[in-house]
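> Got a predicted model here, sequence first, then my questions.
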Amino acid sequence: MARWFRSEPMEYISFIVNEDAAHDCLADLGRMGVIQFTDLNPDLTPFQRRYVSYVKRCDELERKLRFFSNEIEKFDLEMISAGTVDNFVNSPTLVSGTTDATKRSGAQLLESMEVELEQYESQLRELNSYSEKLTREYNEKVELQEVLEKARRFFMTDAPRLAVSELTTGTGGTGNQAGLLESEIRPDLDMRFSSITGVVATEERVRFERMIFRATRGNCYIRFAQIKQPITDPESGNMVEKSVFIIFYKSESIESKLKKICDAFSAHRYSLPDMDDSPAVEKMLTENAQELVDSRTVLLKNQDTRYRLCQLLAKHTERWTWIVLREKAVYHSLNMFKADVSGMLRGEGWVVSESLDAVREAVEHAHANMDLTMPSLVDHVPQPWPTPPTHFITNKFTYGYQEFVNTYGIPRYREANPALFTAATFPFLFGVMYGDIGHGLFLFLSGCTLLWNEKANDNAKLGEMGEGMHAGRYMITMMGFFAVYAGLMYNDCFSLGINFFGTRYQFEGQGSGEVEEGDVASLKGQYGAEESVYPFGLDPIWHITSNELLFFNSFKMKLSVIFGIIQMFSGTCLKGLNAVYFNEPLDFLYEFLPMVVFAASMFIYMVFLIFLKWSINWNSRMLSATCIDPYSDTWGSADYDGEWENCNNGNNNGYCTPWGYACQGGDTTAEKCPFDFGGSGDGCQPPNLITTLINIALNPGNVDEPMYAGQGNVQNILLLAAFISVPILLLAKPLLLSRQQHQPIHHHSEDTEGAHGAHGEEEEEHGFGEIVIHQAIETIEFVLGMVSNTASYLRLWALSLAHSELATVFWEKAMLSTLNVNWFAAFLGYGVFAGVTLGVLLMMDVLECFLHALRLHWVEFQNKFFKADGVRFTPYSFKQIIKDAA
């Protein structure tokens, strides 16, 4: 964990490699994943880089592999896994699954893959084009068959004969009369209708019919008949519902309009023989049916060939993709190198310090394998360096918490890492808000389920939500654990208290069942004795008392303030540790120390008062200022910690305080109290802490209800320390910085001395003003932030209260109200109770508590020390590149 506290030490190195060994060198470095290269050619465009042709070839290979993946998905085939990424990265390069384990150069590897993938792509594209053509022909034959059958049925059964023969002359006339009549026949009296038949998509049927009606003004007759089986679209491959149509019309102008409409709606038109010629229709049906069978046979054969080819591709596509990603990463990194000397490449970058020797060894090993005479060089680059990147070595448990912090901002190089503390405090504060044994157990078991399926999910392709749940599996488990722990402390399980160890309170008449509402419970043993203290958590009897809400509110509110102040003060201490580590004495002396003084004077003192009030036996103190008859049963009670002294000397009214003060009647509490702490209570009355804290600033030195001797003087000293720390925090650092930056300047000329002097004063005033403004913002943010952030931590109390009250409402309204009705009502009530519990408390409230705990860490805790302006270390790593691409 100490290693996780600060980022890994980094070294900025420069290395020179031979161009022939550069590929193998970077291949070895990519397996290690410990170096981040710096681009030494920022002025060059991507197309001017040295290895841009290789990157383009990799892009082309990626395009082909994406094409293969899309074709494989069309057949719903699963991609055969290439194994784990770790095994692939550490294995020798294999091409297309061959058994040749010899490593090939980058150029040879790309050439072999290009040849192989080009062959597969051409085969698959040829089969696809042939399949599209066959599908189109097959669909046309299917549509023609349907058109023939539907048209024949229409002419035979659904409509009378629509075509009539030509108008001819009557019999019995003379030949001259017949000739005269024939000469008078007009062509417009021919009543035979023309027709267009075809197929249109069913979803376009209504629009198609409406368009025809409007275009022809109703001068046509149209009938539809839906095709039962959907037809495959050759372009998209989707199944489309289609309908046969037949249109009757009587005009050439209408015919041209109808053809244009059919083309606009992508309707296929078919020419049919005269439906009165039955033999011709039957012959056409028979021939088309035979062609339909032949087309289907060829189409299925084509589909089977494509399927088998995709099966073959599915075995190697993932491995090919990983190889291409690896080669592309190598050449992309080589493009960052600079060719200072012919045949040599120079690169620079950041490397993890402890891996520097391994990097040097990998570079030398790559050169040794190539039998090159020119040696390699790996050396440090003298400072000043660029801004070092931040890198943390994480494991399965710490990864989620580190990403949790990185989402807000990357820590500075070697800055204290908030994730180390977040790993403990985040699930704990979540548990404080979500504390419930039953609900927390559901969350804990959900996390355990994710841990149980960890290995299966590591290699599975999960969605965005699934990936997030898998990455935070340990966080979810810890959240559930602390929710159960806080639930045990609250003794709260689905809003019910559980009597684990037996309550320490008892009502009068409890044994006989004669307890009535309003009765007061008393402890079974003496105050503070072992038999009167509940062993773990809160006593379950508080859940049935009338002052339950008052007690839990007071307890959880104080608990929230304590946790908040401790966490914020810890953040302030981390600021001091950073100042010491980075050797910044001004920050330590004039920022950290005043902040600690201010926080301790006002807020740590508040925590001290809370614990002090909890630790005092107020029953004994209040009893010490109470007048009691020495002969009553109360006299000698064990509630008083001191010795009882009788004061009956005849000078009083017969009443005494336990410590021997003779009561006169009308005595004040201060007179009867033995402590002499001052104020109206003199130390014998429990104070209102809020009033006490407010009076520290508004009424200094005056404590109405003190808890210890000299409390007023102590609070005056603390208030003075807090007031003194603010101007120190505001002004000390800017003044010292301005004094350090002030350098006397000596000039040879009086004219130039005046000019430069005025310019120097302007720069000095400008720099000093910026420093003062920055420090003023820092001071205001800290002073006001301590107050507002302390109030912000009250969300721990508010959300815990909301959770318990919602659980109580759901239990009482859904379950208790139905249990005494009948079994069916109880069954329905349980369903409602389970539903709202799942939807509201196990889902919505989990998210709500998560977000509030997130805010407490990002704002209230981290802003005390966390700069969040670091640069993330992005190593040249094949493993990370492949995971990101997936």
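Yes, it's here.

> where does the protein dip in pLDDT?
1, 92-106, 158-192, 234-237, 371-374, 648-653, 742-766 (pLDDT under 70).

> Tell me how many other residues crowd residue 323.
The number of residues packed near residue 323 is 23, by other CB atoms under 10 Å. Any C-beta I mention is one placed from the backbone N, CA and C, and that applies to glycine too.

> The longest helix along the chain packs against which elements?
In the chain, taking DSSP state H as the definition, the longest helix is helix 278-334. Contacts defined by 3 or more CB pairs under 8 Å, 6 or more residues apart in numbering; DSSP states H and E place helix 278-334 against helix 22-32, helix 52-74, helix 85-90, helix 106-153, helix 878-885.

> now the ones you listed as CSV including distance to residue 451?
Converted to CSV, those look like this (distance: least, CB to CB, whole Å):
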stretch, distance to residue 451
helix 22-32, 29
helix 52-74, 32
helix 85-90, 21
helix 106-153, 40
helix 878-885, 21
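
> which stretch among these comes nearest residue 615?
Evaluated over the helices and strands packed on helix 278-334, closeness to residue 615 peaks at helix 878-885, with 53.8 Å, by CB to CB.

> re the thing from before, what's the closest of the helices and strands packed on helix 278-334 to residue 473?
helix 878-885 (17.0 Å).

> among the helices and strands packed on helix 278-334, which is nearest residue 381?
Closest among the helices and strands packed on helix 278-334, using CB to CB: helix 22-32, at 17.1 Å.

> and that closest one, C-alpha only, in CSV?
C-alpha atoms of helix 22-32 as CSV (Å, rounded to 0.1, in the frame of the first residue of the first chain):
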residue,chain,number,x,y,z
ALA,A,22,13.7,-1.0,-34.8
HIS,A,23,10.7,-3.2,-35.5
ASP,A,24,11.9,-6.1,-33.3
CYS,A,25,13.0,-3.6,-30.6
LEU,A,26,9.6,-2.0,-30.4
ALA,A,27,7.9,-5.4,-30.5
ASP,A,28,9.7,-6.3,-27.3
LEU,A,29,9.0,-3.0,-25.7
GLY,A,30,5.3,-3.3,-26.6
ARG,A,31,5.2,-6.6,-24.7
MET,A,32,6.7,-4.9,-21.6
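
> Give me the contacts around it.
Applying CB atoms under 8 Å, 6 or more residues apart in numbering, the contact partners of helix 22-32 are 17, 35, 89-90, 103, 105-106, 326, 329-330, 333-334, 337, 345, 355, 358-359, 362-363, 365-367, 369-370, 376, 876-878, 881.

> if you set the cut-off to 7 Å instead, what comes out?
17, 35, 89-90, 105-106, 326, 329-330, 333-334, 345, 355, 358-359, 362-363, 365-366, 369-370, 876-878 (CB atoms under 7 Å, 6 or more residues apart in numbering).

> And it, what's buried?
By neighbour count on 16 or more other CB atoms under 10 Å, the buried set for helix 22-32 is 22-32.

> just how off-centre is stretch 821-834 within its chain?
Here stretch 821-834 shows a centroid-to-chain-centroid distance of 37 Å under the convention CA atoms, centre = their mean, to the nearest Å.

> hmm, back to that, helix or strand next in line after the longest helix of the chain, which one?
Tracing the chain past helix 278-334, the next element assigned as helix or strand by DSSP states H and E is strand 344-352.

> Ends of stretch 24-39, what's the gap?
Terminal residues of stretch 24-39 lie 20 Å apart, using CA to CA, to the nearest Å.
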